[in-house]
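J.: no letters, just coordinates:
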């Protein structure tokens, strides 16, 4: 009987650990979703200030530097897209 009691206790413990692991995984997933939504809100703030800077409003130097950085990325993306289109056209 002691063996069966030990087996039952082990099964209950394993079940609880499995349930706890599942719950922790679910909560971690919720954290990831919240962080994603938070990052989207940060991006909206950044987009707002970028648009404000494009209107010529005075901005701190740090923001001006970031606007220049974004513009450089946009130029690089445009250049890369042109290269992609050229490759597609050449392979037709």
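T.: Done, it's in. Predicted model, so just to flag it, every value in this text is computed and none were measured.
J.: gap between the residue nearest the centre of the chain and residue 29?
T.: For the chain, the residue sitting closest to the mean C-alpha position, by CA atoms, centre = their mean, is residue 36 at 5.1 Å. Per CB to CB, to the nearest Å, residue 36 is found 11 Å from residue 29. C-beta: built from backbone N, CA, C; applies to glycine.
J.: how about residue 91?
T.: 41 Å.
J.: more neighbours: these two, which one.
T.: Higher neighbour count among residue 91 and residue 29: residue 29, with 10 against 6, using other CB atoms under 10 Å.
J.: under the pLDDT cut-off, which ranges of the chain? List them.
T.: For the chain, applying pLDDT under 70 flags the ranges 1, 3-4, 7, 10, 17.
J.: the longest helix anywhere in it: what's the following helix or strand?
T.: Ranked by residue count under DSSP state H, the longest helix found in the chain is helix 2-54. The first helix or strand that comes after helix 2-54 along the chain, using DSSP states H and E, is helix 61-90.
J.: go through that next one and flag the buried ones.
T.: Using 16 or more other CB atoms under 10 Å as the test for burial, helix 61-90 gives 63, 66, 67.
J.: and it, what other elements does it pack with?
T.: Helices and strands touching helix 61-90, by 3 or more CB pairs under 8 Å, 6 or more residues apart in numbering; DSSP states H and E, are helix 2-54.
J.: tell me how far the helix it packs on is from the chain's mean position?
T.: 14 Å (CA atoms, centre = their mean, to the nearest Å).
J.: that helix vs helix 61-90, what angle?
T.: If you take axes from the mean of the first three to the mean of the last three CA atoms, to 10 degrees, helix 2-54 sits at 100 degrees to helix 61-90.
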